[in-house]
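>>> here you go, sequence then predicted model.
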Amino acid sequence: MSRRERDRVGKQGGAGKQGGRGPAAPVTVTVCRGCCCGTQEKHPGVDHAGQYERLRAAVGDAGRVRAVKCLDTCAHSNVVVVGPSSEGRAAGGRPVWLGWVLADDMIEEIATWVHSGGPGVAEPPGLLDLQQISVSRRVGEGLPG
């Protein structure tokens with residue numbers, strides 16, 4: 001049984017479901033940690049591992065934080081993608097790509113946004129407007145689910 005099936009079985013009876021379609025998906029924060037993002041070579045002096053752990057702690061149970069090898073947008077490293085929850089997607093929210101996420105205040109703003117509901121539910125706070133980047137459809141569709 002897959003993790004997704006276990007989650008669905010564990011939440012039967014209505015809790016955490018959306019219209020009978022299974023458990024609601026949380027806001028997902030995908031952190032690139034590939035060839036450029038997350039490396040001392042490209043960004044000396046940035047505590048990449050500590051930054052990732054601070055993001056996970058700040059998001060807590062409000063969303064899901066995961067690291068992936070490469071999002072193929074190296075010119076904008078460090079890249080973070082904030083994906084909408086089920087509720088946010090139903091409201092028209094789409095993944096928001098953020099570039100140059102190098103400072104702790106950006107980590108705090110991402111966590112604040114996740115706690116507020118993320119894309120489709122809440123507007124991104126403060127500096128995140130300046131961090132938004134556009135990616136090609138090929139790159140955007142390649143984000144692991």
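Now that the structure is in, tell me what you want to look at. Numbers count the residues shown, from 1 in each chain.
>>> in this protein, which residue is closest to the centre?
With distances taken as Cα atoms, centre = their mean, V29 lies nearest the centre of the chain, 1.3 Å away.
>>> what's near enough to touch the closest residue to H43 other than its chain neighbours?
Leaving aside its chain neighbours, H43 sits nearest to L102 (6.1 Å; criterion: Cβ to Cβ, 6 or more residues apart in numbering). Just so you know, the C-beta spots here come from the backbone N, C-alpha and C atoms, and that holds for glycine as well. L102 is in contact with H43, V46, N78, counting by Cβ atoms under 8 Å, 6 or more residues apart in numbering.
>>> how many other residues sit next to the residue nearest to D104 when sequence neighbours are not counted?
Excluding its sequence neighbours, the residue lying closest to D104 (Cβ to Cβ, 6+ apart) is R54, at 6.7 Å. Using other Cβ atoms under 10 Å, R54 has 15 other residues around it.
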